[in-house]
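Student: no sequence for this one, just the structure:
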Ligand SMILES: Nc1ncnc2c1ncn2[C@@H]1O[C@H](COP(=O)(O)OP(=O)(O)O)[C@@H](O)[C@H]1O
Ligand SMILES: [Mg+2]
């Protein structure tokens, strides 16, 4: 089993997926645009070969360089878990005659208009939506859908360039900020709670799924720096309030014809209980939420994903033992972290439940909180009881303070 993995060093989880492939018995080659020496050690150790290409974004030249490098060796799988390179992976599969997601099967995961059209045709409830490429098109779409609306790029990520607009004054303000976005999706604004439905799928069958709850919703978290956003992997996925989302999740995987790998879907539950589709990617969630799954059920998520995509099997026995909360922290002020307050007391009280602490140390430069959900680091904690998990998460949100200057 010869697997080619795209970008084995980035994003942060990729070295572990690469390592997982080797652990299930695959031989793994990597392709990327960074030098081999700059790859994290976990990835470097796992790879049997690595091709550095000049750019990952010139597909024809990547195909050419890969062909020359492979010297006729047939690759069995081409894997990619990085949103930006999903289409590249599909093009490479087609060029090198490798099974897996084709270009046409990938597009509904990449283009949010095509995604919703495909799901509409399967009878899945999506927000009312219209594509727009011009200012006039946005006005027309907003009028037809009715305020409040959401405007977002058809291929966005991380809530970038995403706006809630409540009335025509708001639309007038927002449109100039979208001038650089070639195509936007104008959507009915759905008020409610927001969750994920993440899967490892084998042969079209969902072998494992995870539901995480965003506190607050990502767009709110990204619009307010003072918030310490939380993502909580839920232990009780059989809770009646989640049932509609689980059903939708299964329907969506079927409607998109997804066969093998990780998926990350988002969905909304309105106060009246109605469940509405948000979006889906053919990859895992970011911001260390794969590790969150690992801590929720104590299994090696990376290795089981690898087994699923290579040998079509999933062997872990899933025991949902914990809720896991990740609390992402943002320092107050700009520049370098000057002080961290409250951690000693919080650790004294809740330390036994904390599984991971990645807070930047004093002296480190702050990260750009708009560009990375990880912000200035996070605390990950777990507990079998959800109310207790939320209570502890809120304590870390409110009483752990980072200052920068
Ligand atoms: N139709 C909608 N109604 C309400 N909120 C939305 C809607 N679409 C997007 N959002 C908000 O914006 C966030 C980002 O949008 P999303 O479609 O998930 O794109 P991204 O790829 O950037 O994550 C969502 O998590 C949600 O909080
Ligand atoms: Mg999203």
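Tutor: On my side now, so go ahead. Keep in mind that this is a model prediction, so the values were computed, not measured. Numbering: from 1, shown residues only. Ligands and ions are numbered 1, 2, ... in the order given.
Student: wait, what's in contact with residue 365?
Tutor: Residue 365 makes contact with 335-337, according to CB atoms under 8 Å, 6 or more residues apart in numbering. From N, CA and C alone the C-beta is placed, and that goes for glycine too.
Student: how far away is it from residue 335?
Tutor: Separation of residue 365 from residue 335 (CB to CB, to the nearest Å): 7 Å.
Student: overlap in contacts of those two?
Tutor: Common neighbours of residue 365 and residue 335 (CB under 8 Å, 6+ apart) do not exist.
Student: from ligand 1, how far out is residue 347?
Tutor: 31 Å (CB to the nearest ligand atom, to the nearest Å).
Student: which pLDDT value goes with that residue?
Tutor: For residue 347, the model assigns a pLDDT of 98.
Student: please name the nearest non-neighbouring residue to it.
Tutor: Counting by CB to CB, 6 or more residues apart in numbering, residue 354 is the residue found nearest to residue 347 once chain neighbours are left out, at 6.9 Å.
Student: list the buried residues for stretch 328-335?
Tutor: 328-331 (16 or more other CB atoms under 10 Å).
Student: now the phi/psi pair for the spatially most central residue of the chain, please.
Tutor: Residue closest to the mean C-alpha point of the chain, counted by CA atoms, centre = their mean, is residue 285 at 2.4 Å. Backbone dihedrals for residue 285, given as degrees, to the nearest 10, come out at phi -70, psi 160.
Student: mind listing the helices for the stretch 1-150 of the chain?
Tutor: Per DSSP state H, counting those that start in this stretch, the stretch 1-150 of the chain carries helices over the ranges 14-23, 41-46, 59-70, 86-96, 103-110, 112-121, 135-145.
Student: quick one: contacts of the longest one?
Tutor: Defining contact as CB under 8 Å, 6+ apart, one finds that helix 59-70 is touched by 4, 31, 51, 53-56, 88, 91-92, 95-96.
Student: again, only using 6 Å
Tutor: Applying CB atoms under 6 Å, 6 or more residues apart in numbering, the external contacts of helix 59-70 come out as 51, 53, 88, 91, 95.
Student: return the residues in contact with the third one.
Tutor: For residue 88, the set of contacting residues under the criterion of CB under 6 Å, 6+ apart consists of residue 59.
Student: what residues does the stretch 151-300 of the chain have near ligand 1?
Tutor: Contact residues (CB under 6 Å from any ligand atom) of the stretch 151-300 of the chain with ligand 1: 152, 156-160, 162, 187-190, 194, 217-219, 266, 278-279.
Student: show me these that map onto strands.
Tutor: 152, 187-188, 194, 266, 278-279 (DSSP state E).
Student: which of these has the most neighbours?
Tutor: Within these, neighbour counts (other CB atoms under 10 Å) peak at residue 187, which reaches 25 neighbours.
Student: report the beta-bridge partners for it.
Tutor: residue 129, residue 150 (DSSP bridges).
Student: relative to residue 149, how far out is it?
Tutor: On the measure of CB to CB, residue 187 and residue 149 end up 6 Å apart.
Student: one step back: can you tell which of the helices of the stretch 1-150 of the chain is closest to ligand 1?
Tutor: Closest to ligand 1 of these is helix 112-121 (CB to the nearest ligand atom; 6.4 Å).
Student: which non-adjacent residue is nearest residue 277?
Tutor: Leaving aside its sequence neighbours, residue 277 sits nearest to residue 126 (CB to CB, 6+ apart; 4.7 Å).
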